[in-house]
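Peer 1: Below are the sequence and a predicted model; questions follow.
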Amino acid sequence: MKKRIMAVFDVEPCYADRLAEAANQREKVPFTVIAFTNMDKLTEFSMENQVEILLVDEKSRQAASQVRANQVVILSEGEALGGEGELPGVYKYQSADAIIREVMACYCTRTAEPASSQVGSKSILIGVYSPINRCLKTSFSLVLGQVLAKDQQVLYLSLEDCSGLSKIMGQSGPGDFSDVLYYYSRGGLSWARLKSLVYSWDRLDYIMPVRYPEDLCQVTAGEMADLLVKLAGKRIYEVIVVDLGQFGKKAAEVLEVCDGVYMPVRQDLVSAAKVEEFEAYAAASGHGGVLDKIRKLKLPYRSSADNQRNYLEQLMWGELGDYVRQMLKGKPAWREG
């Protein structure tokens, strides 16, 4: 599918060029971003090409009235915009990722879902689950997603109720997985809304986990499985890594929709008993098929990453990162059988 066009016009030429360059470096941005410094050329371009979104600085908003664009968003230098009758606006002096995220939030309120870029295909769903606590499941999930993201477009989702991810990533914002659940429940989970919630760690995209644990409690296993299938069907990403957290025995139904499952395990008696109990439940509850998808992993527990400032880098280039890279050189769990 050909990318839609986002035009950027600013009286500061360097600003427009840098924003366009930064946005175009993000492969997952669903637009080709083009910078303009001459209003006449922008107007002429819009007459011959469909401009989906125009980002324009406040000082040039009147001059841009002749530009043909489906959506206009103002690059604001301070005061919030978007009152009644006002064009939506975003604060211009923030990261390119934050600007694109806010622009997508404005855009998604008025656009229809585009056709899938690869008809008949879907994202690969990789589940990571273990009935055992403190088994490096989340650390493994993040490293797995980042390693895969070097060659593919990957989204990481955490279904944990208290994940600590905002602290680890040093990110916080108004959008998170609670919004995904809300849009899903209202039948309004569009590609644009999803993109407006996405953050990035290097090449790996992720959505912040739920704000309130109760949001997950209100979702049935069947609904969560259906949501993941719908996300995979949008084919925005090639791979979606799902960290199921402590989803309890409900995990069996969710894992059934995954193409492959990694299960970190430990060798002590209690841990083995927990795994055995989960397997027995899955078989007895009619979800025995998931057992064939599971690959159990004994992760390297000596890989410690204690420095919060460099925690993610320590994971990637420490013993756990080496383990994941070596594992993926073999036969991935989602291609077995």
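Peer 2: Received, thanks.
Peer 1: I'd like the distance between residue 156 and residue 66.
Peer 2: According to Cβ to Cβ, to the nearest Å, residue 156 stands 43 Å off from residue 66. C-beta: built from backbone N, CA, C; applies to glycine.
Peer 1: what's in contact with stretch 163-172?
Peer 2: Here stretch 163-172 makes contact (Cβ atoms under 8 Å, 6 or more residues apart in numbering) with 138, 158, 199, 201, 206, 208, 209, 243, 245, 308, 311, 312.
Peer 1: Walk me through the domains of the protein.
Peer 2: 4-107, 124-335 (automatic domain parsing).
Peer 1: Kindly reformat those as JSON lines containing mean neighbour count and mean pLDDT.
Peer 2: Below are the domains of the chain laid out as JSON lines (neighbours: other Cβ atoms under 10 Å; pLDDT from 0 to 100):
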{"stretch": "domain 4-107", "mean neighbour count": "17", "mean pLDDT": "85"}
{"stretch": "domain 124-335", "mean neighbour count": "18", "mean pLDDT": "87"}
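Peer 1: Identify the residues contacting the residue minimising distance to the centre of the chain.
Peer 2: The centre of the chain sits closest to residue 206, judged by Cα atoms, centre = their mean, with a distance of 3.4 Å. Neighbouring residues of residue 206 by Cβ under 8 Å, 6+ apart: 145, 155, 156, 157, 158, 165, 169, 198, 199, 200.
Peer 1: What residues does the fifth one make contact with?
Peer 2: By Cβ under 8 Å, 6+ apart, residue 158 lies in contact with 138, 141, 165, 177, 206, 209, 243, 245.
Peer 1: and what of the first one?
Peer 2: Taking Cβ under 8 Å, 6+ apart as the definition of contact, the neighbours of residue 145 are 154, 155, 156, 204, 206, 239, 241.
Peer 1: same thing but 7 Å
Peer 2: Taking Cβ atoms under 7 Å, 6 or more residues apart in numbering, we find residue 145 in contact with 154, 156, 204, 241.
Peer 1: Now the third one. Its backbone dihedrals?
Peer 2: Looking back up the chat, that one is residue 204. Recorded main-chain torsions at residue 204 are phi -90, psi 130, according to degrees, to the nearest 10.
Peer 1: sorry, back to before: what about the contacts of residue 206, which are in helices?
Peer 2: Residues from these lying in helices, with DSSP state H as the criterion: 145, 165, 169.
Peer 1: Relative to residue 300, which of those residues is nearest.
Peer 2: residue 145 (18.0 Å; Cβ to Cβ).
Peer 1: now the strands for this protein?
Peer 2: Assigned by DSSP state E, the strands in the chain fall at 4-9, 31-36, 51-57, 69-76, 89-91, 124-128, 154-158, 198-201, 204-207, 239-243, 260-264, 294-297.
Peer 1: Any idea which of those gets closest to residue 187?
Peer 2: strand 204-207 (18.9 Å).
Peer 1: Return the list of strands paired to that closest one, each annotated with direction.
Peer 2: strand 154-158 (parallel), strand 198-201 (antiparallel) (DSSP bridges).
Peer 1: mind checking which of the ones you listed is nearest residue 101?
Peer 2: strand 198-201 (6.7 Å).
Peer 1: contact partners of that closest one?
Peer 2: In contact with strand 198-201 (Cβ under 7 Å, 6+ apart) are residues 97, 101, 146, 169, 171, 205, 206, 207, 208, 312.
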